[in-house]
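Peer 1: sequence below, structure please.
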Amino acid sequence: MEKVKDFLKKKDIVISLRRYGIDALGAMAQGLFCSLLIGTILNTLGTQFHIPFLSAVVASVGGTEYTVGGLAGAMSGPAMAVAIGYALHCPPLVLFSLITVGFSSNALGGAGGPLAVLFIAIIASECGKAVSKETKIDILVTPLVTIGVGVALSAWWAPALGAAAMKLGSLIMWATSLQPFLMGILVSVIVGIALTLPISSAAICAALGLTGIAGGAALAGCCAQMVGFAVISFRENRWGGLISQGIGTSMLQMPNIVKNPRIWIAPIVTSAITGPLATCLFHLEMNGTPVSSGMGTCGLVGQIGVYTGWMSDIAAGAKSGVTAFDWIGLLLISFVLPAVICPLVHLILIKIGWIKEGDLKLS
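Peer 2: Numbers count the residues shown, from 1 in each chain. The predicted structure is shown next:
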């Protein structure tokens, strides 16, 4: 047993929730952002602003035409897998081999491909690390093992993992449509909490294919956390904190939450309010890419996702046009309500002595 532990330590194979559920998942979201999400943004800019370079077909593969954004989106599987490998400290030969693993697992996983990539890339990475530099023909053995394990698991697991993820996502979306008030609260609070925790709400939404009215609730929860924390901590962190949290990430507050969990109450209460408002009053739907549902105001990706969904619905004939009510709902849920409700709740917590000055100061 000691020999096994020593071997795993030597290979930097750490089997833990933090390594796989936080480091790998967070890196996967970054890979998804740098491929599919950026591709979606480029396509939207090209279409809406009539930029020839971004809207023109630049490549045709197997009869499928691609724009610049389309090429970026097509690389989402490899990007996620390589990002996961990077987070797991894979040596170069393993890291480069994960390009094939990511492509196969994402393709075979279908719409639920991101979840398949997460599981399969982790296993392929660790198997590749285990054999790396153990033989004199490492340049052959390491890629063969990494790709062999990854592609085999893709053929075996990816369709089932993808289908399971989509069924769960569909169940959540169905339940939200059936019970928009209760599910609006539940989805908003849970995804919002996931955004602030050192895990990836974007990756979770992408893995579940969370769109529609449930995606709108998820967006509301994320915005409540980001804008809420940015505003209530303005006194301590000024403009730098407002920007870094408001369009960056509320995860910056995690060290302070560990010290005093009560500072989290106001953003969570805010998400519990804005979630059902998004689903019941404004009928806010995220019909862009699922990953946008878990991005909140980060780089305004969530709002761009909603706008992209509007344009897609209009092009498909499902929506006649973007109304003033649509814009009002998006602005209120994303920015105004979190900036008003969260400070009010926070003020009550200060009055009763649960929060004191300096509790929200970023280090």
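
Peer 1: for Gly248, give me the pLDDT.
Peer 2: For Gly248, the model assigns a pLDDT of 83.

Peer 1: neighbours of Lys10, how many?
Peer 2: 10 (other C-beta atoms under 10 Å). All C-beta spots, glycine's among them, are computed from the backbone N, C-alpha and C.

Peer 1: again with Leu8
Peer 2: Neighbour count for Leu8, taken as other C-beta under 10 Å: 15.

Peer 1: and if you look at Ile15?
Peer 2: A count of nearby residues for Ile15, using other C-beta under 10 Å, gives 9.

Peer 1: which element is the closest residue to it other than its chain neighbours on?
Peer 2: In space, and not counting its chain neighbours, Ile15 is closest to Leu8: 7.5 Å by C-beta to C-beta, 6 or more residues apart in numbering. Secondary-structure assignment from DSSP states H and E places Leu8 in helix 2-10.

Peer 1: residues making contact with that helix?
Peer 2: Helix 2-10 is touched from outside by 14-15, 130, with contacts defined as C-beta atoms under 8 Å, 6 or more residues apart in numbering.

Peer 1: which elements pack onto the longest helix along the chain?
Peer 2: Taking DSSP state H as the criterion, the chain has its longest helix at helix 138-178. When contacts are defined as 3 or more C-beta pairs under 8 Å, 6 or more residues apart in numbering; DSSP states H and E, helix 138-178 packs onto helix 92-108, helix 113-131, helix 180-196, helix 201-208, helix 212-232.

Peer 1: and if we set it to 6 Å?
Peer 2: Here helix 138-178 touches helix 92-108, helix 113-131, helix 201-208, helix 212-232, going by 3 or more C-beta pairs under 6 Å, 6 or more residues apart in numbering; DSSP states H and E.

Peer 1: the inter-axis angle of the longest one versus helix 180-196?
Peer 2: Counting by axes from the mean of the first three to the mean of the last three C-alpha atoms, to 10 degrees, helix 212-232 lies at 50 degrees to helix 180-196.

Peer 1: cool, and the third one?
Peer 2: Computed by the same axes, to 10 degrees, the angle separating helix 201-208 from helix 180-196 equals 120 degrees.

Peer 1: now helix 201-208 - C-alpha only, CSV.
Peer 2: The C-alpha coordinates for helix 201-208 follow below in CSV (Å, rounded to 0.1, in the frame of the first residue of the first chain):
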residue,chain,number,x,y,z
SER,A,201,-21.5,27.3,-12.1
ALA,A,202,-20.8,27.8,-15.8
ALA,A,203,-19.5,24.3,-16.2
ILE,A,204,-22.5,22.9,-14.3
CYS,A,205,-24.9,24.8,-16.5
ALA,A,206,-23.0,23.6,-19.6
ALA,A,207,-22.9,20.0,-18.5
LEU,A,208,-26.7,20.0,-17.8
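
Peer 1: and it, what's buried?
Peer 2: 201-208 (16 or more other C-beta atoms under 10 Å).

Peer 1: same for it, what does it pack against?
Peer 2: helix 25-32, helix 113-131, helix 138-178, helix 180-196.

Peer 1: any idea which of those is most buried?
Peer 2: Neighbour counts (mean count of other C-beta atoms under 10 Å) averaged over each of these peak at helix 113-131, with a mean of 26.
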